[in-house]
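*Asks:* sequence and computational prediction follow.
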Amino acid sequence: GRMQPTSRMITMVCCFLSLLVATSATKIIVVADVHGDYEHLIKTLENVGVTDDLKVPDNTLLIQLGDLADRGPYTRLCYETMRNMTLRNEGASVSEGRFVRLLGNHEVAFALVNRDDRRSGIHRKDIESFCESEILQNDPI
């Protein structure tokens, strides 16, 4: 379903409006609250014109507001996709298509979680999706 804007999303968008004014971007796209839904993430990226090799469209500022984790077995794929997208668009100007990735509250909790602490609030499938991966050691966000 369609996500409703939260006060956090609205605040983050307002913080980045100055980027639009100061750049040649004709479009700002905000992606928030993925929560491990890899299929929806990929469809969203396709719908906004991100290419198969994760290139952001020219004259576009794409901002990912965090909250990739929580509720799903595909959290790892979401992190890997965003990490690859960061690397693909690294150093790009807005006229070339720029990508900015921020931490959400779930990233902070996920980075601090102790796998033996059942009270952490981190979804078990999120942790399981990383158990055999080195991605958290190499890129905690």
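*Replies:* That came in fine, so what should we check first?
*Asks:* now the helices for the protein?
*Replies:* Shown for the chain, the helices assigned by DSSP state H span residues 7-22, 38-47, 75-89, 105-112, 124-130, 135-138.
*Asks:* could you tell me the angle between the third one and helix 38-47?
*Replies:* What that stands for is helix 75-89. For helix 75-89 against helix 38-47, the angle between stretch directions is 30 degrees (axes from the mean of the first three to the mean of the last three Cα atoms, to 10 degrees).
*Asks:* does anything pack onto helix 75-89? Which helices or strands?
*Replies:* Based on contacts counted as 3 or more Cβ pairs under 8 Å, 6 or more residues apart in numbering; DSSP states H and E, the elements that helix 75-89 packs against are helix 38-47, strand 98-101, helix 124-130, helix 135-138. (C-beta placed from N, C-alpha, C; glycine too.)
*Asks:* buried ones in that helix?
*Replies:* 75-83, 85-86, 88-89 (16 or more other Cβ atoms under 10 Å).
*Asks:* angle of that helix against helix 105-112?
*Replies:* Helix 75-89 and helix 105-112 meet at an angle of 100 degrees, taking the same axes, to 10 degrees as the criterion.
*Asks:* for the nearest residue to D33 once chain neighbours are set aside, which residues are in contact?
*Replies:* Ranked by Cβ to Cβ, 6 or more residues apart in numbering and with sequence neighbours excluded, the top spatial neighbour of D33 is D67, at 4.8 Å. By Cβ atoms under 8 Å, 6 or more residues apart in numbering, the residues touching D67 are A32, D33, V34, H35, G104, N105, H106, E107.
*Asks:* list only buried entries from those.
*Replies:* Neighbour counting by 16+ other Cβ under 10 Å classes A32, D33, V34, H35, G104, H106, E107 among those as buried.
*Asks:* with respect to R71, which of those residues is nearest?
*Replies:* Within the set of the buried ones among the contacts of D67, H35 lies nearest R71; the separation is 4.8 Å, counting by Cβ to Cβ.
*Asks:* OK, contacts around the closest one?
*Replies:* D67, L68, A69, D70, R71, G72, H106.
*Asks:* highest neighbour count among those?
*Replies:* The most crowded member of the contacts of H35, judged by other Cβ atoms under 10 Å, is L68 (33 neighbours).
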